[in-house]
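Student: 3D, please:
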Amino acid sequence: QLAESGGGLVQAGGSLRLSCAASGPTSGRYSQHAMGWFRQAPGKEREFVAGLSWSGGNTYYADSVKGRFTTSKDIAKDTIYLQMNGLLPEETGLYYCAASVYSDIQPNPAYGMAYWGKGTLVTVSS
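Tutor: Numbering: from 1, shown residues only. Prediction:
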């Protein structure tokens with residue numbers, strides 16, 4: 001089970017840090033898997049935000065968030081993070097973490113993402 005946390009209400013230009021942890025029987029299960037962050041704005045399709053390989057050594061970002069968002073992994077805690085700076089109102093939405101069946105992010109980042117959290121809501125006010 002993947003559980004996101006850290007969402008909330010922030011003003012435009014502000015920052016939030018999201019966390020995604022594996023818990024219960026699945027704790028440690030995703031340690032060898034690539035993981036990613038996706039978001040879904042109201043009325044829009046879910047889109048890739050950021051991802052990282054199983055070790056965290058490779059990171060990937062959507063063009064729209066490059067330079068503002070950073071994803072990282074604490075292997076010991078089996079937790080990944082998404083530091084979001086300079087948030088924009090259009091980035092309001094549900095943010096999900098997902099674990100892949102692969103060890104690295106695929107050319108289509110959603111491909112192979114088999115395990116999903118329930119999401120955490122990020123609201124950016126203008």
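Student: how near is V101 to A21?
Tutor: Using C-beta to C-beta, to the nearest Å, one obtains 19 Å as the distance from V101 to A21. Heads up, the C-betas are built off the backbone N, CA and C, glycines and all.
Student: Looking at those two, which one has more neighbours?
Tutor: More neighbours sit around A21 than around the other of V101 and A21, counting by other C-beta atoms under 10 Å; the figures are 19 against 12.
Student: So which elements touch the one helix or strand that one maps to?
Tutor: Under DSSP states H and E, the secondary-structure element containing A21 is strand 16-22. If you count contacts as 3 or more C-beta pairs under 8 Å, 6 or more residues apart in numbering; DSSP states H and E, strand 16-22 packs onto strand 2-5, strand 35-40, strand 79-84, strand 93-100, strand 120-125.
Student: Which one of these lies nearest to N58?
Tutor: Taking C-beta to C-beta as the criterion, strand 35-40 is the member of the helices and strands packed on strand 16-22 that comes nearest to N58, at 11.4 Å.
Student: Correct me if wrong: T123 contacts L9.
Tutor: Yes: using C-beta atoms under 8 Å, T123 makes contact with L9 at a distance of 4.7 Å.
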